[in-house]
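Student: sequence first, then the predicted structure, then my questions.
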Amino acid sequence: MTTFTDRLWKSVAPIWEKTHQHPFVTGMGDGTLPVESFKYYMKQDYVYLIDYAKMFAIASTKAYDLETSAKFAGLQEATLNGEMNLHRQYAERFGISRAELEATEPSFVMLAYTSYMLRVAHQGSLAELVSSLLPCMWGYWEIGKKLAKIEGALDHELYGEWVRTYSSDEFGELATWLIGVMNELAEGKNEKELARLEEHFLTTSKMEYLFWDMAYRKEFWPC
Ligand SMILES: Cc1ncc(C[n+]2csc(CCO)c2C)c(N)n1
């Protein structure tokens, strides 16, 4: 039986393929990524995660059952106090203070990406919300697994920690859980509704690509 996420996987393939070939992503795997781009990424990602964690909070309030509601609430906590520790640790290594991290001015792409997701979260159904945040989780897992296969990537003194985090079994379980939630929520939906979910999924997948690209170029507001 093909699932709804099989359909998503098929339609997103060219976007994710392009993402996997982006020099930011390949550079974390082979160590050629300029450190200044990585620093920029960490700072933008830190403020991205503050917004992203709110998606989990909204998902928790929209969930139809206690178990799913509790899981999303836990994910909000895990993002703010778990995943963001990775960023705080990197910042410490780079001599970037907590205050400086939090004061990061959001780039255009970061702002567009989280604003889009938060709009979907506030205006749409739980299925729409999940379809818009799924590329972030599933896409990072795919990148993590891909990079982990490159010799030396897991042990790289700078980027190894990133690769270990997103290729871990623990992270894989989380992504698999969310994929399952997406399939459950898609059940019984008509084609018009499914097409809307697919559109959110493709849009935020493109934004993931743009996020790597803006970080690679250390993009900033022109005025
Ligand atoms: C641009 C961007 N996209 C995806 C992630 C990955 N991510 C964000 S929240 C979360 C769930 C667990 O906290 C994961 C895996 C990121 N960090 N930055």
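Tutor: Perfect, thanks for sending it.

Student: just the pLDDT at the spatially most central residue of the chain, thanks.
Tutor: In the chain, the centroid-proximal residue (Cα atoms, centre = their mean) is Cys136; its distance is 2.4 Å. pLDDT, Cys136: 97.

Student: surely it and Glu208 touch.
Tutor: Yes: between Cys136 and Glu208 there is a contact at 6.7 Å, judged by Cβ atoms under 8 Å. Glycine gets a C-beta too; all of them are placed from N, C-alpha and C.

Student: measure Ala57 to Met117 for me?
Tutor: 12 Å (Cβ to Cβ, to the nearest Å).

Student: look at these two and report which has more neighbours.
Tutor: Met117 (25 against 17; other Cβ atoms under 10 Å).

Student: touching, the more buried one and Ala53? I think so.
Tutor: No: under the contact definition of Cβ under 8 Å, Met117 does not touch Ala53, with a separation of 11.4 Å.

Student: which neighbours do Ala57 and Met117 share?
Tutor: Contact with both Ala57 and Met117 is made by no residue, according to Cβ atoms under 8 Å, 6 or more residues apart in numbering.

Student: now Phe56. Nearest residue, chain neighbours left out?
Tutor: Of all residues not flanking Phe56 in the chain, Gln76 sits nearest, at 3.9 Å (Cβ to Cβ, 6 or more residues apart in numbering).

Student: now do Ser69
Tutor: For Ser69, the closest residue by Cβ to Cβ, 6+ apart turns out to be Ala63, at 3.9 Å.

Student: Glu219 too?
Tutor: Nearest in space to Glu219, with sequence neighbours left out and distances taken as Cβ to Cβ, 6+ apart, is Ser107 at 5.7 Å.

Student: count of neighbours near the one you found?
Tutor: When neighbours are counted by other Cβ under 10 Å, Ser107 registers 22.

Student: so it sits against Arg217, correct?
Tutor: No: under the contact definition of Cβ under 8 Å, Ser107 does not touch Arg217, with a separation of 10.0 Å.

Student: so which elements touch the helix or strand hosting Glu128?
Tutor: Taking DSSP states H and E as the criterion, Glu128 maps to helix 126-148. With contacts defined as 3 or more Cβ pairs under 8 Å, 6 or more residues apart in numbering; DSSP states H and E, the secondary structure elements packing on helix 126-148 are helix 4-20, helix 23-30, helix 35-62, helix 108-123, helix 160-167, helix 169-186, helix 191-217.

Student: what residues does the protein have near the ligand?
Tutor: Remark: the part of the chain in contact with the ligand comprises Asp45, Tyr48, Leu49, Tyr52, Ala78, Thr79, Glu83, Cys136, Met137, Tyr140, Glu208, Phe211, using Cβ under 6 Å from any ligand atom.

Student: I'd like those laid out as JSON lines, including distance to Phe94.
Tutor: As requested, the residues of the chain next to the ligand are arranged in JSON lines below (distance: Cβ to Cβ, whole Å):
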{"residue": "Asp45", "distance to Phe94": "13"}
{"residue": "Tyr48", "distance to Phe94": "18"}
{"residue": "Leu49", "distance to Phe94": "17"}
{"residue": "Tyr52", "distance to Phe94": "22"}
{"residue": "Ala78", "distance to Phe94": "24"}
{"residue": "Thr79", "distance to Phe94": "21"}
{"residue": "Glu83", "distance to Phe94": "18"}
{"residue": "Cys136", "distance to Phe94": "23"}
{"residue": "Met137", "distance to Phe94": "26"}
{"residue": "Tyr140", "distance to Phe94": "21"}
{"residue": "Glu208", "distance to Phe94": "23"}
{"residue": "Phe211", "distance to Phe94": "19"}
